[in-house]
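> after the sequence you'll find the predicted model.
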Amino acid sequence: MNSRDLATVILRLSLALVFLYFGISQLNDPGAWSGFVPDFFKVSGISGNNVVLLNGFVEIVLGGFLLIGLYVRISALLLSLHLFGIAFSIGFNPLGIRDFGLAFATLALYFYGHDRYTLDYKFEKKSN
């Protein structure tokens with residue numbers, strides 16, 4: 001494995017673990033995360049806990065896809081857009097800057113696509 005392949009695998013797996021961690025954390029204790037829910041969800045009548053639960057579920061599913069290497073590009077794009085939204089809503093503070101960095105890292109994974117160690121790669125190879 002060359003260093004470029006290794007870098008992509010590390011990026012994909014580390015981002016997957018980040019999303020899985022936060023998704024599981026949100027499902028385990030939605031009340032601890034409901035303070036981060038933007039006001040426009042609260043005005044719409046959807047409870048903050050329900051938004052957090054849905055968000056946690058989506059992060060687990062898409063993070064799982066990154067982990068196993070299935071639908072890597074679309075998962076990375078959706079997660080990147082999601083993180084940009086979070087970062088903009090949080091603003092210019094340590095949490096927002098962290099999320100901007102993660103959003104750009106996830107966007108880089110979208111542009112790179114799948115690596116040789118993904119299910120996407122194996123399925124693509126079979127079809128050729």
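The structure has been received and is ready for your questions.

> quick check: pLDDT value at residue 42.
Looking at residue 42, its pLDDT is 68.

> over to the one 5 residues further on?
The per-residue pLDDT reported for residue 47 equals 89.

> what does residue 74 give?
pLDDT for residue 74: 98.

> before we move on, what about residue 50?
On the pLDDT scale, residue 50 is placed at 93.

> strands along this structure, start to end?
Using DSSP state E, no strands are assigned anywhere in the chain.

> that one: helices as residue ranges?
3-28, 30-33, 39-43, 48-68, 72-90, 94-112, 119-127 (DSSP state H).

> quick one, what contacts the residue nearest to the spatial centre of the chain?
Nearest residue to the geometric centre of the chain (Cα atoms, centre = their mean): residue 79, 3.8 Å. Applying Cβ atoms under 8 Å, 6 or more residues apart in numbering, we find residue 79 in contact with 15, 19, 59, 62-63, 66, 106. Backbone N, C-alpha and C define where each C-beta goes, glycine included.

> one more time with 6 Å, if that's ok
Residues in contact with residue 79 (Cβ atoms under 6 Å, 6 or more residues apart in numbering) are 62, 106.

> what distance do you get for it to residue 20?
Computed as Cβ to Cβ, to the nearest Å, the residue 79 to residue 20 distance reads 11 Å.

> same thing with residue 90?
From residue 90 over to residue 20 (counting by Cβ to Cβ), the distance is 21 Å.

> that older thread, and the helices of the chain, which one is worst for confidence?
Taking the mean pLDDT of these, helix 39-43 comes last: a mean of 77.

> contacting residues around that one?
residue 51.

> flag every buried residue along that helix.
Within helix 39-43, no residue is scored as buried using 16 or more other Cβ atoms under 10 Å.

> same thing with stretch 34-52?
34, 37, 48, 51-52.

> could those go into JSON lines alongside distance to residue 111?
Shown next, in JSON lines, are the buried residues of stretch 34-52 (distance: Cβ to Cβ, whole Å):
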{"residue": "34", "distance to residue 111": "33"}
{"residue": "37", "distance to residue 111": "30"}
{"residue": "48", "distance to residue 111": "33"}
{"residue": "51", "distance to residue 111": "29"}
{"residue": "52", "distance to residue 111": "29"}
